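J.: build me a model:
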Amino acid sequence: MKILLLGQHGQVSRELQLLLSQSHELIVLGREQLDLSDTMRLREAVRHLRPELIINAAAHTAVDAAESEPEAAFAINAIAPGVLAEEAAVLDVPLIHYSTDYVFDGSKTTAYEEDDAPNPLGVYGHSKLAGEQAITAVGGKHLVLRTSWVYSLHGRNFLLTMQRLLQEREQLSVVADQIGAPTWAGSIAAATGQLIERWQTAQTAAWGVYHFTARGETSWFGFTKAIAAQLLAQGKPVAQLTAIATRDYPTPAQRPLNSRLDCTRLERDWGVRLPDWHDGLLQCLSSPR
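T.: Predicted structure coming up:
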């Protein structure tokens, strides 16, 4: 199958390339090849390539920077997904798009379900929600997959930052009142591959919005403790950890305190579920770089 993958160097894209290139004709377009804010060129690329599946793993993910550059965030996260949905509908092919827990404000006391009303706290969340809405407004064959707290062994992410800081510092303070599910990019890619397989074999094609995170929950502090435990198991010294509140670590963009997403619908409709976040971390750390 000919698959068009938007995004080249991001965490999820890298894992998708490793997985999908083994059994599909994969065409990868990164920012060097295509500026997603150039909607005309984006349309032309899709029409020229005529893929049988479009996967959008490209995004403006700088949450704090988005506060001062909303136009750039909306161009990539909102307008481009809508264009992709329109072109996918013309070709009558599916679009898989990744979204985020940041479409919610985190005020709910239990895990969010797909039908809960979104209420983003910042520009990044608003732009991602606008992208979701643009895709669903077009209709057609689409999967909008909301994930959270993505990390891998590549790029800039919480895992790599904490591995470095834990070994550089004697003391380290980490936020403990934001709760969610750290989700390895490799788990996202593997589960995406399962969705593609189920669609190809006509086992299901229940299009729509789905929550798509690792199972279980923890805080950033709990995630850091798990990272530290793995470093200690390797005989490496680590910093002494202190739990702090979000208010003690101010950032330009406000983060939701509750990022838990209920993935029951994904398992019910598609028979797919991601591993527990603990297992995902161990799989990530043991994967080849």
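J.: contacts for stretch 6-17, please.
T.: Contact with stretch 6-17 is made by 5, 26, 28-34, 36, 54-59, 61, 80, 84, 98, 150-152, 154-155, 157, 185-186, 188-190, 192, as judged by Cβ atoms under 8 Å, 6 or more residues apart in numbering. Quick note: C-beta positions are derived from backbone N, CA and C, even for glycine.
J.: one more time with 6 Å
T.: With contact meaning Cβ atoms under 6 Å, 6 or more residues apart in numbering, stretch 6-17 is reached by 28-30, 56-58, 150, 152, 154-155, 185-186, 188-189.
J.: avg pLDDT for that stretch?
T.: The pLDDT scores in stretch 6-17 average 95.
J.: now that stretch, how far from the centre of its chain.
T.: 11 Å (Cα atoms, centre = their mean, to the nearest Å).
J.: just the CA trace of it, in PDB.
T.: Only the C-alpha atoms of stretch 6-17 are listed here, as PDB (Å, rounded to 0.1, in the frame of the first residue of the first chain):
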ATOM      1  CA  LEU A   6       3.600  13.800   7.000                       C
ATOM      2  CA  GLY A   7       6.400  14.600   9.400                       C
ATOM      3  CA  GLN A   8       9.900  13.200   9.200                       C
ATOM      4  CA  HIS A   9      12.000  13.800  12.400                       C
ATOM      5  CA  GLY A  10       9.300  13.700  15.100                       C
ATOM      6  CA  GLN A  11       9.200  11.000  17.700                       C
ATOM      7  CA  VAL A  12       6.100   9.300  16.400                       C
ATOM      8  CA  SER A  13       7.100   9.700  12.700                       C
ATOM      9  CA  ARG A  14      10.500   8.000  13.300                       C
ATOM     10  CA  GLU A  15       8.800   5.000  14.900                       C
ATOM     11  CA  LEU A  16       6.200   4.800  12.100                       C
ATOM     12  CA  GLN A  17       9.000   4.900   9.500                       C
END
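J.: so where's the chain shaky on pLDDT?
T.: Across the chain, residues meeting the criterion (pLDDT under 70) sit at 203-204.
J.: quick one, helices of it?
T.: Counting by DSSP state H, the chain has helices at residues 11-20, 39-49, 63-66, 70-74, 80-91, 123-138, 158-168, 185-200, 220-233, 264-270, 277-286.
J.: want to throw the ones you listed into TSV with distance to residue 214 and mean neighbour count?
T.: Formatted as TSV, the helices of the chain follow (distance: least, Cβ to Cβ, whole Å; neighbours: other Cβ atoms under 10 Å):
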stretch	distance to residue 214	mean neighbour count
helix 11-20	13	22
helix 39-49	31	15
helix 63-66	20	18
helix 70-74	25	18
helix 80-91	24	22
helix 123-138	19	22
helix 158-168	13	16
helix 185-200	6	20
helix 220-233	11	18
helix 264-270	12	16
helix 277-286	4	18
